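1. Structure for the following, please:
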Amino acid sequence: MTGIDTDVEVLDARVAFSQTDLDHPFVISGRTIAWFTVAVVELDVRNRAGRLATGRGASILSVPWAWPGSALTVEQRDAVLRDLTRRLADESCGLPPVDPIRRWLDAHEAVGDAAAGIAAAARLGEPVPSLAALLSLGAVDNALHDAWARAAQRPAHTMYTGRHLHDDLGVSLGPALSGRWPGDFLAARRTRLEVQHLAGATDPLEPDDAADDQRSLREWITADGVRHVKVKVHARDASEDALRVAAVHRLGRDLGLDLALAIDPNEGYQRPDDVEDLLDELERIDPAAGRAVGYVEQPVPRDATPDPAGLARIGRRLPIVMDEGLTDPHTVPALRDAGWSGIVIKAGKGHSAALLAHAAAKTAGLYVTVQDLTAVDLALVHSARLVSLFDLPAPLLEYNSRQYAPAANDRLGRDRPDLTTVRDGAVTISAPAEPGLY
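-> From the prediction side, this is the model:
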């Protein structure tokens, strides 16, 4: 492989973990998230020009989201993902210099073997799911992008071109993208990001329904001025879910607002027909709320193969986007044929995966949205940076941590108060002018 001056080799790796406890439980499809681990990787690198740099990357190891339905405890699964993150960070050292996307493609191909090795050593009796392994790899990948750009003394978003990358997108994603580079798909640098608030399936809508130390949705909207709400539903009964969505929109109308909504069943429905029942019922009981829904996120199980015609029927009404089911950007070009109309991108899955999935989706004419995993601190900055750069039909920052784990952003709030403080429904992120990823 012909060298590029900005190619980097990893000289040393360090991994740190911290536990974030949620102020209030976060329920997704019957699974309760009470805490999660934040993995932060630091990589020391040297590029071919001889410049040294250190980069940092974070990922949220959200076990109930990434590794559900296990006989193992959440603590056991979390320990496995910590071990896997350490192993992947260590394995990044001592390899020949290359750009981070090329390194991620190789690592992604091998991450299943690494995960199997960790599972065997721990005698788990079950495999590590691909999505969970992707989060462990994501922290390492994010750190490598940051270090690569810092060594080059450039903002990372300026480097996704043929000058700094070995392969165009055609090599990794197919001939439709030959001659194109990830940087070709980046948008104008947004600095004002409208916030998408989360109405959890068990979160109170009105003050009278809230615990003493908990804010209701009405109080959040009044205080922060948010205009966009993602509504989590239980996905047990379409009529019940329609009533929940309608109640959220009606609350907004009471405040003089026409809220823009998204619906997230978190894999709770078993078939596309259930989603159609929800949308039909919503249109029947509250047409204004029905018109306010912009997309539906991962309504069916991640490992299901839903009827493409059923998904396509929903897609003719509004986008239906894949989230938990997306673990490989190589699969994105085929999603439209499978009935999906869009994808969710999460920074925790890795910056390389985000760049590749974004480019593939835009080429295929798919809807793209960026979402978080209750991202805190560095992970929140990364999620915001994706929203600021990607070509999105609705460039919203899902900012759940201010609701569920605000203390985890205390340090960030001191350094970047404009990013952590919501004013008139939005936060501000500075233009990406400094070397590095963030």
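
2. Could you list the alpha-carbon positions for stretch 361-378 in CSV?
-> The C-alpha trace of stretch 361-378 is given here as CSV (Å, rounded to 0.1, in the frame of the first residue of the first chain):
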residue,chain,number,x,y,z
ALA,A,361,-27.8,6.3,2.5
LYS,A,362,-27.6,9.6,0.7
THR,A,363,-26.6,7.9,-2.5
ALA,A,364,-29.5,5.5,-2.2
GLY,A,365,-31.9,8.3,-1.5
LEU,A,366,-32.6,7.2,2.1
TYR,A,367,-33.8,9.3,5.0
VAL,A,368,-31.0,9.9,7.5
THR,A,369,-31.3,10.9,11.2
VAL,A,370,-28.7,11.1,13.9
GLN,A,371,-29.7,9.9,17.4
ASP,A,372,-27.8,9.4,20.6
LEU,A,373,-27.6,6.8,23.4
THR,A,374,-28.1,9.2,26.3
ALA,A,375,-24.7,10.5,25.3
VAL,A,376,-22.8,12.4,27.9
ASP,A,377,-19.6,14.6,27.9
LEU,A,378,-17.3,13.7,25.0
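
3. and that stretch, how far out from the chain's middle?
-> Put simply, stretch 361-378 sits 6 Å off its chain's centre (C-alpha atoms, centre = their mean, to the nearest Å).

4. and if you look at stretch 392-409?
-> Distance of stretch 392-409 from its chain centroid, counting by C-alpha atoms, centre = their mean, is 11 Å.

5. do stretch 267-274 as well
-> That offset, for stretch 267-274, works out to 22 Å (C-alpha atoms, centre = their mean).

6. Give the buried residues for that stretch.
-> Neighbour-count burial for stretch 267-274 flags Glu267, Gly268, Tyr269, Pro272, Asp274 (criterion: 16 or more other C-beta atoms under 10 Å). Any C-beta I mention is one placed from the backbone N, CA and C, and that applies to glycine too.

7. Show me these that map onto helices.
-> Counted as lying in helices by DSSP state H, out of the buried residues of stretch 267-274, are Pro272, Asp274.

8. Now render the buried residues of stretch 267-274 as CSV, adding pLDDT and distance to Pro68.
-> As requested, the buried residues of stretch 267-274 are arranged in CSV below (pLDDT from 0 to 100; distance: C-beta to C-beta, whole Å):
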residue, pLDDT, distance to Pro68
Glu267, 96, 8
Gly268, 95, 11
Tyr269, 96, 15
Pro272, 96, 21
Asp274, 97, 19
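
9. closest to Arg416 among the buried residues of stretch 267-274?
-> Glu267 (33.3 Å; C-beta to C-beta).

10. Local confidence estimate at the closest residue to the closest one other than its chain neighbours?
-> What sits nearest to Glu267 in space, not counting adjacent residues and going by C-beta to C-beta, 6 or more residues apart in numbering, is Pro301, at 4.7 Å. Pro301 is assigned 96 on the pLDDT scale.

11. what about the helices in the stretch 1-150 of the chain?
-> Applying DSSP state H, counting those that start in this stretch to the stretch 1-150 of the chain gives helices spanning 63-66, 74-91, 100-121, 130-152.

12. Tell me which of these sits most buried.
-> Among those, helix 130-152 has the highest mean neighbour count (mean count of other C-beta atoms under 10 Å), at a mean of 27.

13. elements contacting it?
-> strand 8-28, strand 31-47, strand 52-61, helix 63-66, helix 74-91, helix 100-121, helix 351-363 (3 or more C-beta pairs under 8 Å, 6 or more residues apart in numbering; DSSP states H and E).

14. now do 10 Å
-> Here helix 130-152 touches strand 8-28, strand 31-47, strand 52-61, helix 63-66, helix 74-91, helix 100-121, helix 351-363, helix 377-389, going by 3 or more C-beta pairs under 10 Å, 6 or more residues apart in numbering; DSSP states H and E.

15. show me where pLDDT drops low in the protein?
-> 1 (pLDDT under 70).

16. domain assignment for it?
-> Following automatic domain parsing, one gets these domains for the chain: 8-170, 182-428.
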